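Engineer: Here's a sequence, model it:
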Amino acid sequence: MTPTNAAFRIAQWIVAGFIAMTCASAFAQPRYGLSPEALAVFNRWVLAACITDEEQALVEDMRRYREPLAAAFRKAIVDGPSREQLKDARAAAEERYAVRAKFPIEQYAIEGVSRQDLARFRRVSRQTYVDDQVKRFATGYRANAVAGLGIVAGPQSRAVLARIASNRSDPLALTAREALKTADRQ
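Structural biologist: Next up, the predicted model:
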């Protein structure tokens, strides 16, 4: 190996090491560059199935991190849940389907539900059920981001909400209209 080739190889390894370190630090960054505290508030909000008694404390926490959360919510509306969150939602839906499939529905007298509805319940395939549940999770996540944006709204966030609210075919339109009402009350 000539000295020129050796120097070139060393330079390649240095560049490769630099790229690897840069990528590793990028993966270590919390989602949307939020601080650990703001990320915890963000996750509590977007992953909530229902906000109840703790809502006021959570809203106060959201206002404490207003600017970084506004940017994160705007991105979350577009991005939806992370791949890992979707993977977890899919796994949970698979587990629920397995329990559902084993349930001996025929052994129970169910009132208020037609035979056709019960037959339709039994015919739902694993794939259909899981895909529906993952889709519902992703839509709920994005809807929570829209609602959160209404709480921390500034002018840029209001513009995003108004755009979503005006698109009647967007499944988030109703949530955006309510989020704008929330923003107006503040």
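
Engineer: show me the contacts for the residue nearest in space to the middle of the chain.
Structural biologist: Geometric centre of the chain, nearest residue: P81, 3.0 Å, by Cα atoms, centre = their mean. Contacts for P81 (Cβ atoms under 8 Å, 6 or more residues apart in numbering) come out as V46, A89, F137, A138, Y141. Backbone N, C-alpha and C define where each C-beta goes, glycine included.

Engineer: Could you dump those residues into CSV and include pLDDT?
Structural biologist: Formatted as CSV, the contacts of P81 follow (pLDDT from 0 to 100):
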residue, pLDDT
V46, 93
A89, 96
F137, 96
A138, 96
Y141, 96
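
Engineer: For those residues, work out which two are farthest apart.
Structural biologist: Farthest-apart pair in the contacts of P81 is V46 and A89; separation 12.4 Å (Cβ to Cβ).

Engineer: quick one, domains of this structure?
Structural biologist: Per the record, the chain has its domains at 1-33, 34-185, by automatic domain parsing.

Engineer: and those domains, which one's lowest on average pLDDT?
Structural biologist: When mean pLDDT is averaged over each of these, domain 1-33 scores lowest at a mean of 49.

Engineer: secondary structure element for A183?
Structural biologist: Following DSSP states H and E, the helix or strand that holds A183 is helix 173-185.

Engineer: what comes up buried for that helix?
Structural biologist: By neighbour count on 16 or more other Cβ atoms under 10 Å, the buried set for helix 173-185 is A173, T175, A176, R177, E178, A179, L180, T182, A183.

Engineer: How about stretch 152-169?
Structural biologist: V152, A153, S157, R158, V160, L161, I164, A165.

Engineer: what does stretch 157-164 rub up against?
Structural biologist: For stretch 157-164, contacts defined as Cβ under 8 Å, 6+ apart pick out 70, 73-74, 77, 146, 149-150, 153, 170, 172-173, 175-176, 179-180, 183.

Engineer: just checking, what packs against the helix or strand containing L58?
Structural biologist: Taking DSSP H and E as the definition, L58 sits inside helix 55-64. Using 3 or more Cβ pairs under 8 Å, 6 or more residues apart in numbering; DSSP states H and E, the elements in contact with helix 55-64 are helix 36-46, helix 126-151.

Engineer: how far is the first one from where the chain is centred?
Structural biologist: If I follow you right, that is helix 36-46. Offset of helix 36-46 from its chain centre (Cα atoms, centre = their mean, to the nearest Å): 11 Å.

Engineer: try stretch 120-139
Structural biologist: 18 Å.

Engineer: for stretch 176-186, same thing?
Structural biologist: With Cα atoms, centre = their mean, you get 21 Å for stretch 176-186.
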